[in-house]
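In: model this:
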Amino acid sequence: QEQLVESGGGLVQAGGSLRLSCAASRRTFSGYAKGWFRQAPGKEREFVAAIRWSGGSTFYADVVKGRFTISRDNAKNTVYLQMNKLKPEDTAVYYCAAASNLIATISNRNTYNYWGQGTQVTVSS
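Out: Residues are numbered from 1 along each chain as shown. Presented below is the predicted three-dimensional model:
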């Protein structure tokens, strides 16, 4: 069982930055990937970014490419999301997720079998 806890959300002005962290309950992770998704009010949960745990390949949604960076600390079993040049449309609850295996594409939420509770990110204009 992989329990995930997000932190780092908050209120920021447009153009600002935030860094989200996702700490896991287990010391090590031997699964396929970890990712970040977000859900705005009245919208579907959408893919933001993901990282393959072995090798570290990263993947991004087009809307955040060039502004957000996903990274990991294997020793801490922690994944981060550095968000720069934030826009009001980035406002959402951000969820960390972990995938034990690749059962769909890495951007498909059905690939992920562990989820955190989410952290609110609000970007004011």
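
In: Okay, and the most centrally placed residue in the chain sits in which element?
Out: Central residue of the chain (Cα atoms, centre = their mean): W36, 1.9 Å from the mean position. Element membership for W36 (DSSP states H and E) is strand 33-39.

In: what's the average pLDDT for stretch 11-27?
Out: Averaging the model's pLDDT scores along stretch 11-27 yields 96.

In: how about that stretch: buried residues?
Out: Buried residues in stretch 11-27, counted by 16 or more other Cβ atoms under 10 Å: 12, 18, 20-24. In this view, the C-beta of every residue, glycine as well, is placed from N, C-alpha and C.

In: out of the residues you listed, which are inside strands?
Out: 12, 18, 20-24 (DSSP state E).

In: Tell me the one among these nearest to T119.
Out: Closest approach between these and T119, by Cβ to Cβ: L20, at 6.3 Å.

In: Was I right to think that closest one contacts T78?
Out: No - under the criterion of Cβ atoms under 8 Å, L20 makes no contact with T78, lying 10.6 Å away.
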